[in-house]
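A.B. asks: Predicted coordinates and the sequence they were generated for:
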Amino acid sequence: MALIEEEPKHSWKILTFIGIPAFFIAVVLSLMIHQYSHIIINRTVCKSESRTKIVKVVDFQMLEAGCPISSVAGVSSTFVLALASFAFYMKYQRNLFAASMAFVNASTRLPETVTVFLQLVIHNKTHLVVDESSSLSLIHLKDPTIAVIIMCFFSLTVIFLTIIVIHDTKTVPWKWLVALTLFCLLGPVENIFWRLIAPMAA
């Protein structure tokens, strides 16, 4: 019986000079796709003004006036991109950009999703103004239990997808520690990115 050889791991040199830039490019690309999903829906379905207004920067994202449907578009685009990137990464497991895209899009909404879920469980309502809470307002739910179930399912899906992406990463040494470090960097990188482009988009 032939033994299955383990995929050789990337060297730290490759991870430093290719992996780190790939991670930052994945973050910027993911945030741009997320934001343009908002803008396109605002300018078409929501029939907002021709120039999308940036209200403020909260929790590392730009919030726009008005339209829960654009919030659904933002969350959906990120989640679909996570699934597509993961499928591509499973076929090409030495591709660090595909790995970065899969990880970033799977985990980038994790803090907001879990926070909204916990607030619903504890307070039966959420005070966090993010895409997830705005999307729930579109359904006009009178019973908070339904919102809790929806957010529970979505939170578990995002958590398990993130774990699967990390678990199936065979070419990165110390992958759990690397993943934790990159996850901690996501917030500051997103915050810097939004602060740089918000004045240009206003």
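C.D. replies: That came in fine, so what should we check first?
A.B. asks: Can you pull out the low-pLDDT segments for the chain?
C.D. replies: Scanning the chain for pLDDT under 70 picks out 1-6, 47-66, 141, 197-202.
A.B. asks: Mind doing that once more with 90?
C.D. replies: Scanning the chain for pLDDT under 90 picks out 1-12, 35-74, 90-94, 109, 119-148, 150, 170, 187-202.
A.B. asks: Which stretches in it count as helices?
C.D. replies: Taking DSSP state H as the test, the helices found in the chain are 12-14, 20-43, 68-91, 96-107, 110-123, 131-139, 144-167, 175-201.
A.B. asks: tell me the contacts of S133?
C.D. replies: Residues near S133 by Cβ atoms under 8 Å, 6 or more residues apart in numbering: V116, T126. Yep, even glycine has a C-beta here, placed from its N, CA and C like the rest.
A.B. asks: Please apply the same query to the one 10 residues further on.
C.D. replies: With contacts defined as Cβ under 8 Å, 6+ apart, D143 is in contact with no residue.
A.B. asks: before we move on, back to that, so which of the helices of the chain is the most surrounded?
C.D. replies: helix 96-107 (a mean of 25; mean count of other Cβ atoms under 10 Å).
A.B. asks: Between helix 175-201 and it, find me the angle.
C.D. replies: Counting by axes from the mean of the first three to the mean of the last three Cα atoms, to 10 degrees, helix 96-107 lies at 80 degrees to helix 175-201.
A.B. asks: Helix 96-107 packs against which elements?
C.D. replies: With contacts defined as 3 or more Cβ pairs under 8 Å, 6 or more residues apart in numbering; DSSP states H and E, helix 96-107 has these neighbours: helix 20-43, helix 68-91, helix 144-167, helix 175-201.
A.B. asks: quick one, which of these is nearest to S135?
C.D. replies: Relative to S135, the nearest member of the helices and strands packed on helix 96-107 by Cβ to Cβ is helix 68-91, separated by 4.7 Å.
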